[in-house]
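In: could you work out the structure for the sequence below:
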Amino acid sequence: MTALPLPPVPEPYHLPFHYGALHNIGVDYLVAPGPCRDLLAKRHPGLAVALFDGMACVSLNYQLYFAQYPGGGGITQEVEINVIAHPQFAEDRLPELNYGQYARGYDQTKLLGIARTHVLCDNPLAIDAGRRLYAEPKRPGWFDAVMPSLNAPSVREHWTFSCRRATVAPDGLVRHDGRLLTVEADLTGLTPEPVNNTPITGYGTDEEGRLLAGPLNVYQPYRYYALDDRTAARVRLTLEDPAEEAVGDLARLVGDAHAAGVWTYQSPPVAAHNRAYYVR
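Out: Here you go, the predicted model:
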């Protein structure tokens, strides 16, 4: 068997890409596999839908992250619409898992990964990098978000993010009024589990139809919230514009399913500027 070359790393990019800070919430839905198979056949024909007790998993993944560069820093927000999948050839290499075991990181083959079907992002540089480095179907969007913060202790495990329409102009991102989707997760009072579910394998398919995978390492455990019939209502997904391709696909994938699990990650603080005091 001939060894495959590594995908190119075009200028001006360098890998690995190091995150200075990451704040992340994911919401998983267990859904009928048919619409997921249809979408993967169009987006990622080299992948097969992963099944957990006969159900597929659709995962919404919101990220707010910071990166430091030689000339300064940048803040990026994005949301991914993913189907949990694996390479077509790999089915007999995977352990048999239910969703809870997958969410807790039991699959250490890391063949189970996120097949990105849509990625909306507010940073033109990150859009270009995602497309060229990882074959992400990435395009512009912008966000309103509320999340827990040590700088606002009254916000207790209550996450909300909305994605809005945007375009990219020569001088940067252009924001438009149209809201695409909103997710609200009130996790107050629920008990999370620490889970080691990384590296997360992200799948992309390039313009030549080649499947590639890019692992994401997160260096501390995620917080996982298993939801049931009683707590699933803590998560609300509102699809604002079904005429938008990403929103329409998400509507077909999720249907009327309730959230099955939520996972969060927030980088720990590295410094604190303390309260002032009077000298005299």
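
In: C-alpha only now, for contacts and for neighbours.
Out: Will do.

In: state the helix or strand in which residue 209 lies.
Out: In the assignment (DSSP states H and E), residue 209 maps to no helix and no strand.

In: correction: residue 252
Out: Per DSSP H and E: helix 245-254 holds residue 252.

In: check which helices and strands whichever helix or strand comes after that helix sits against.
Out: Moving toward the C-terminus from helix 245-254, the next helix or strand (DSSP H and E) is strand 259-266. Applying 3 or more CA pairs under 8 Å, 6 or more residues apart in numbering; DSSP states H and E, one finds that strand 259-266 contacts strand 21-31, strand 222-226.

In: partners of strand 259-266, with directions?
Out: strand 21-31 (antiparallel), strand 222-226 (antiparallel) (DSSP bridges).

In: circling back to that earlier point, closest one to residue 130 among the helices and strands packed on strand 259-266?
Out: strand 21-31 (16.7 Å; CA to CA).

In: okay, buried residues for the helix or strand just after that closest one please.
Out: Once the chain leaves strand 21-31, the next helix or strand it forms, by DSSP H and E, is helix 33-43. Within helix 33-43, the residues that count as buried by 16 or more other CA atoms under 10 Å are 33, 35-37, 39-40, 43.

In: next one: stretch 68-78
Out: 76-78.

In: for residue 258, give its distance to residue 231.
Out: 10 Å (CA to CA, to the nearest Å).

In: tell me where the chain has helices.
Out: 33-43, 99-103, 124-134, 245-254 (DSSP state H).

In: mind putting those in JSON lines, distance to residue 186 and mean pLDDT included?
Out: Conversion of these to JSON lines gives the following (distance: least, CA to CA, whole Å; pLDDT from 0 to 100):
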{"stretch": "helix 33-43", "distance to residue 186": "27", "mean pLDDT": "98"}
{"stretch": "helix 99-103", "distance to residue 186": "19", "mean pLDDT": "97"}
{"stretch": "helix 124-134", "distance to residue 186": "29", "mean pLDDT": "96"}
{"stretch": "helix 245-254", "distance to residue 186": "20", "mean pLDDT": "97"}
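
In: in a markdown table: those, plus distance to residue 175.
Out: Listed next are these as a markdown table, based on distance: least, CA to CA, whole Å:
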| stretch | distance to residue 175 |
| --- | --- |
| helix 33-43 | 27 |
| helix 99-103 | 35 |
| helix 124-134 | 12 |
| helix 245-254 | 17 |
